[in-house]
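Turn this into a model:
(2 chains)
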Protein chains: 2
Amino acid sequence: VSDDERSAQLAADAALARSEAAFAGFRYTTPALRARLLETIADAILGLGDDLLQVADAETNLGIARLTGERARTVAQLRAFAELVREGSWVEARIDSADPKRSPPKPDLRRMLIPLGPVVVFAASNFPLAFSVAGGDAASALAAGNPVVLKAHPAHPITSERVASAVRQALARYELPAGAFTLVDGPGNAIGLALVRHPLTRAVAFTGSLQGGRALFDAAAARPEPIPVYAEMGSVNPVFVLPGALAEKGPALAQALADSATLGVGQFCTKPGLIFVCEAEGTDAFVAALGARVSAKPPAAMLYSQLSERFQEGVAALARVPGVTRLGDASAAIEPGLGRPVAWQVGFAEFQQNAQLSHELFGPSTIVVRIPSSELWRAAAALEGQLTATVHAVAVDAELLPELVAQLERKVGRLIFGGVPTGVEVAPAMNHGGPYPASTDARTTSVGTAAIARFARPLCYQDASPAVLPRELQDENVAGIWRLLNGQLSQDDVGA
Amino acid sequence: VSDDERSAQLAADAALARSEAAFAGFRYTTPALRARLLETIADAILGLGDDLLQVADAETNLGIARLTGERARTVAQLRAFAELVREGSWVEARIDSADPKRSPPKPDLRRMLIPLGPVVVFAASNFPLAFSVAGGDAASALAAGNPVVLKAHPAHPITSERVASAVRQALARYELPAGAFTLVDGPGNAIGLALVRHPLTRAVAFTGSLQGGRALFDAAAARPEPIPVYAEMGSVNPVFVLPGALAEKGPALAQALADSATLGVGQFCTKPGLIFVCEAEGTDAFVAALGARVSAKPPAAMLYSQLSERFQEGVAALARVPGVTRLGDASAAIEPGLGRPVAWQVGFAEFQQNAQLSHELFGPSTIVVRIPSSELWRAAAALEGQLTATVHAVAVDAELLPELVAQLERKVGRLIFGGVPTGVEVAPAMNHGGPYPASTDARTTSVGTAAIARFARPLCYQDASPAVLPRELQDENVAGIWRLLNGQLSQDDVGA
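Residues are numbered from 1 along each chain as shown, chains lettered A, B, ... in the order given. The predicted model follows:
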């Protein structure tokens, strides 16, 4: 055991012991109190003022405008989970009444979702607020009644500490256990693995690379007592431009897709990294317009220097793939730390021969694949799991659509028509996840209110007295939540 | 690669290729058609007549009375899933309407659960009908629109083939693809592992031993593309008898628990294998009554000979544990293939020193642990995950209850008051599952209608046209299902 591993183990022991101790009280907090906690965290983040944005910009290079939007999203997420918890129906209460006259007698069964226990959340590098310390994962875990151990991302430590202070302040205001939230920092894999392997950890959430997410998944699956890992690991988010859409709105599409692929220096999980464009009269013009638009964008600072190094390596590797052509000028040297937007084109035959063209390159790069319409379904069928796929089709493309959609439905978490994949709405119907390798658990989402279900499990009480039953399962439906009452959704009291 | 592995691989390839081909059509069947399919399977099973029960009895020794009940349960399960699918709200439809005036414009989002693809189901030995070929796992997977590859249990091959013929007959009646159901038989682990590792397999359900379930879980987690495994692996189902309950109804409790522990020759996942009885005036009498009732039961044939051998070995091992006393006469020899009911007692101190006393022994054996009331919470806190725990308490036990219940809530899937753990109601509020090692996924149940969620995942359609949207997500709510419409549960049309 190395010194690194020993100190990681000590840090994990301390964090989880604190978290476990807090769970005893935190899991029994009322929904109203947890709602106020989340709202107070939101207020406290706003209370940090624009200093927070300046610190985050200095650490991430994302810019004040983007970070202002991200802060608004973070605050909106916290408030959305507050509203969800206050409303209360998310616990999926189900009650089946007893029938003592039946033979054998039918018991009284009452089931609801309960929190799991300490949850380890790994912050993302690319969203220092919305997917970090008080981001969607932490908000949903706390909302469900779980203490959170938050592994900060080493790329924005000061931002992390500032937001953590807002969470601590909110916990203190309601005299809630401080151990309901624990910030753990430090670089390296040892601490992350120690947190995932710790016997008191009950679930893990992660947003980041495939390599990182898979390592945590493997560690969790190998535990004596396996636990769920919700790793959102990005994807290439393929876009399909059908011939009719190309003819009708090719120039506008080239512009919209170029903007989406380079937004935030291409550092979104939903960046469109593959654009399948049907071979037709307008294809050359589309490719030229997209290439021109992308390469006209200035190089910009990426989140941290390692990322831009990896991006440069990826660009160099793509340039060596047979049949792949760079669109636009590649002659100017790139300063370290920057990412220069780049687009490529390749024919479908060459695309099929090089698996690496289907792998995500994190940064402002996108590949246009020129494809015969008749091969669209084949391209879709060969895809790995994706967060999203996007289809551009108009009325004349109707014949191509059913087979393409049928293939894509099996591959993605979200299927977009006529738009771009970047811009993930925080809403009840959102699904941000997808079949592996987009995520390790396609049954769940990491964005939107459905994310709370990741951190809860059902418990059934049989023939329990009112003294034992949680409020949500009492005869009297004080909170007016929706319950499945003898198979019917209802807001009534039992026996009403 | 051995010959065994090669032939297992060929069998798995054939089964999954057939299943995958069937999925293309089966996933788009209407809910009404799938409901009729499930009801027709139920009718076809009844149509096999009492011959089926005689065949099953010959293969399992479970007796005609029990098998008649199990057939009724199997048929009721199929009909319950038919009703669930016909009603349709299980898809958890969510619709968030567009707001083109917002900046940025808000998209139209529509999300529902869709089937996963080929599901591999492993039949259980101890329920040749209700957890086997057309049991709860297969019924819920088919209900959700997934083709099923059913690995028959080698202990009842003829029963399996008979029930499979009923499923095939029902598929043929509606001209549904025969590949929607594929029976795979043969003993050994090679075929099971080949099915789980097959790239086309999308989920696995299993009911059986901890060793078997964990092997499948590990194989699934180690795949290039991991898939969910729902393994229900049993537990010791601890019972807690508090002092007031002991005083008030000790003799009746001893009798009820003895009956539950030996029901079906102790071959239930929910058999009470540990009975914690508080030390009090009536403890000796309770232990004596329970021991007498258990040992008065005649030896009976177990499911198959290996099981009774394992049971005899387990009994011999328990007899060697220091501090463990057998209740009743142990002198008579046991014929091969039979299980003789046996009860034991042990003090709490000795219990704590022997981890093996906390492990399941499949068969008619139960251990009474004499425990000081003040230690109840400690016994609960030290438990592994369980399918169930049962508490017997009356008014005077009120002070002991909160701490005990708080510990048990974290350990179990179902918490029973005043009853016995055997007898699992098939109902919407049932939860049959629990923290590891009771199951590999405590977020799910294998009994009751909530089981359908195991074989589905969310897909979100963004700005999709009516031509693309599934019926459940159209503006017009033709089926009248419950949908979360802009955050409110509703049966309305969009825009109504």
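
now stretch A:37-50, how far from the chain's geometric center?
For stretch A:37-50, the separation from the chain centroid amounts to 22 Å (computed by Cα atoms, centre = their mean, to the nearest Å).

buried residues in it?
Buried residues in stretch A:37-50, defined by neighbour count with 16 or more other Cβ atoms under 10 Å in any protein chain shown: A:37-45, A:48. Where C-beta positions appear, they are placed from N, C-alpha and C, glycine not excepted.

got a list of contacts for it?
Outside stretch A:37-50, the residues that touch it by Cβ atoms under 8 Å, 6 or more residues apart in numbering or on different chains are A:29, A:52, A:64, A:71, A:74-75, A:78-79, A:81-82, A:85, A:129, A:134, A:139, A:142-143, A:162-163, A:165-167, A:169-171, A:173-174, A:176.

Pick out the residue closest to the middle of chain A.
The residue at the geometric middle of chain A, judged as the C-alpha nearest the mean C-alpha position with Cα atoms, centre = their mean, is A:S446 (4.0 Å).

measure the residue in the stretch 201-350 of chain A that chain B sits nearest to to B:M233 for me?
Nearest to chain B in the stretch 201-350 of chain A, going by Cβ to the nearest Cβ, is A:A221, at a distance of 3.6 Å. A:A221 sits 16 Å away from B:M233, taking Cβ to Cβ, to the nearest Å as the criterion.

These two - which one has more neighbours?
B:M233 (24 against 20; other Cβ atoms under 10 Å in any protein chain shown).

can you pull the contacts of the more buried one?
Taking Cβ under 8 Å, 6+ apart as the test, what B:M233 contacts is B:206, B:208-210, B:212-214, B:437-440.

got it, and A:A139?
By Cβ under 8 Å, 6+ apart, the neighbours of A:A139 are A:38, A:41, A:77-78, A:81.

right, and out of those residues, which lies closest to chain B?
For the contacts of A:A139, the closest approach to chain B (Cβ to the nearest Cβ) belongs to A:F81, at 12.7 Å.

residue contacts, that closest one?
For A:F81, the contact set (Cβ under 8 Å, 6+ apart) comprises A:38, A:139-140, A:142-143, A:449, A:452.

count of neighbours near A:R168?
Taking other Cβ under 10 Å as the neighbour definition, A:R168 ends up with a count of 17.

in what helix or strand does it lie?
Secondary structure from DSSP states H and E places A:R168 in helix A:157-173.

which other helices and strands contact that helix?
With contacts defined as 3 or more Cβ pairs under 8 Å, 6 or more residues apart in numbering or on different chains; DSSP states H and E, helix A:157-173 has these neighbours: helix A:31-47, helix A:50-60, strand A:181-184.

before we move on, the earlier item: do I have it right that the residue nearest to the centre of chain A meets A:D137?
Yes - proximity of A:S446 to A:D137 meets the contact threshold set by Cβ atoms under 8 Å, at 6.4 Å.

which neighbours do the two share?
By the contact definition Cβ under 8 Å, 6+ apart, A:S446 and A:D137 are jointly contacted by A:131, A:205, A:207, A:230.

Spatially, what comes nearest to the first one if we skip its sequence neighbours?
Taking Cβ to Cβ, 6 or more residues apart in numbering or on different chains as the measure, A:F131 lies nearest to A:A124, with 3.9 Å between them; neighbours along the chain are not counted.

Likewise for A:R223?
A:R197 (6.2 Å).

now A:A205
Distances taken as Cβ to Cβ, 6+ apart put A:D137 closest to A:A205, at 3.9 Å, once the chain neighbours are dropped.

in which helix or strand would I find that neighbour?
Secondary structure here is read from DSSP H and E; on that basis A:D137 sits in helix A:136-143.

Out of the contacts of A:A139, which is nearest to B:K106?
B:K106 has its nearest neighbour among these in A:Q77, at 15.6 Å by Cβ to Cβ.

what about that closest one, how many neighbours?
Counted with other Cβ under 10 Å, residues neighbouring A:Q77 total 28.

and what of A:E335?
The burial count for A:E335: 10, using other Cβ under 10 Å.

again with A:Q462
The local packing of A:Q462 (other Cβ under 10 Å) involves 26 other residues.

can you give me the strands for the stretch 1-150 of chain A?
Assignment of strands within the stretch 1-150 of chain A using DSSP state E, counting those that start in this stretch yields the ranges A:94-96, A:109-115, A:119-122, A:148-151.

cool, the stretch 351-496 of chain A as well?
With DSSP E, counting those that start in this stretch as the criterion, the stretch 351-496 of chain A has strands at A:365-371, A:386-392, A:412-417, A:456-462, A:483-485, A:488-490.

most neighbours per residue, which of these?
With neighbours defined by mean count of other Cβ atoms under 10 Å in any protein chain shown, none of the strands of the stretch 351-496 of chain A is more surrounded on average than strand A:386-392, at a mean of 28.

Direction included, what does that strand pair up with?
Sheet pairing here is set by DSSP bridges, and for strand A:386-392 it gives strand A:239-241 (parallel), strand A:412-417 (parallel).

Quick check: chain neighbours aside, which residue is closest to A:G314?
By the measure of Cβ to Cβ, 6+ apart, the closest residue to A:G314 outside its immediate chain neighbours is A:L361, 4.1 Å from it.

on that earlier part again, turn the strands of the stretch 351-496 of chain A into a markdown table, including mean pLDDT.
Rendered in a markdown table, the data for those read as follows (pLDDT from 0 to 100):
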| stretch | mean pLDDT |
| --- | --- |
| strand A:365-371 | 98 |
| strand A:386-392 | 98 |
| strand A:412-417 | 98 |
| strand A:456-462 | 98 |
| strand A:483-485 | 98 |
| strand A:488-490 | 97 |
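
Kindly reformat these as a markdown table and extend each row with distance to B:A258.
A markdown table is the format used below for the strands of the stretch 351-496 of chain A (distance: least, Cβ to Cβ, whole Å):
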| stretch | distance to B:A258 |
| --- | --- |
| strand A:365-371 | 70 |
| strand A:386-392 | 55 |
| strand A:412-417 | 52 |
| strand A:456-462 | 20 |
| strand A:483-485 | 35 |
| strand A:488-490 | 39 |
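
And the ones you listed: which comes nearest B:L408?
strand A:456-462 (9.5 Å).

near chain B at all, the closest one?
Yes - contact of strand A:456-462 with chain B (Cβ under 8 Å from any Cβ of the partner chain) involves A:456-462.
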